[in-house]
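>>> Provide a 3D model corresponding to the input given below.
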Amino acid sequence: MPLDQPIETSVRRIHEMDRNGCIHELMSFRAIPLDFSREYLDGMSDERLRHVLLAAVLTVYTRRKSA
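Down below sits the predicted model:
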């Protein structure tokens with residue numbers, strides 16, 4: 001997921017993502033360290049996956065804004 005786009009665009013993309021898309025993004029997220037196993041993510045609901053991905057993206061945006 002490109003993190004150089006407006007936050008609104010990222011939020012909309014996450015909201016529209018399916019389960020596999022969220023898991024893929026979380027497993028390949030490189031902007032900050034995330035330590036989730038595939039098995040752990042498989043046990044999460046779709047909404048929880050979106051929430052975790054959104055939290056990661058917002059963390060990156062916040063850190064970049066304050067730097």
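
>>> Can you name every helix or strand that the longest helix anywhere in the chain contacts?
Looking across the chain with DSSP state H, the single longest helix is helix 46-66. Packing contacts for helix 46-66, counted by 3 or more CB pairs under 8 Å, 6 or more residues apart in numbering; DSSP states H and E, involve helix 7-16, helix 19-27. For every residue, glycine as well, the C-beta is placed using N, CA and C.

>>> Reformat those helices as a markdown table; add mean pLDDT, mean neighbour count and distance to M1.
Formatted as a markdown table, those follow (pLDDT from 0 to 100; neighbours: other CB atoms under 10 Å; distance: least, CB to CB, whole Å):
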| stretch | mean pLDDT | mean neighbour count | distance to M1 |
| --- | --- | --- | --- |
| helix 7-16 | 96 | 14 | 7 |
| helix 19-27 | 98 | 16 | 5 |
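
>>> Which of these sits closest to D46?
helix 19-27 (5.0 Å; CB to CB).

>>> Only C-alpha atoms, please: export the closest one in CSV.
Presented in CSV, the C-alpha positions along helix 19-27 are these (Å, rounded to 0.1, in the frame of the first residue of the first chain):
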residue,chain,number,x,y,z
ARG,A,19,-9.9,-10.3,3.9
ASN,A,20,-7.0,-11.6,1.7
GLY,A,21,-6.0,-8.0,0.8
CYS,A,22,-5.8,-7.0,4.4
ILE,A,23,-3.7,-10.0,5.3
HIS,A,24,-1.4,-9.5,2.3
GLU,A,25,-0.9,-5.8,3.3
LEU,A,26,-0.2,-6.7,6.9
MET,A,27,2.2,-9.5,6.0
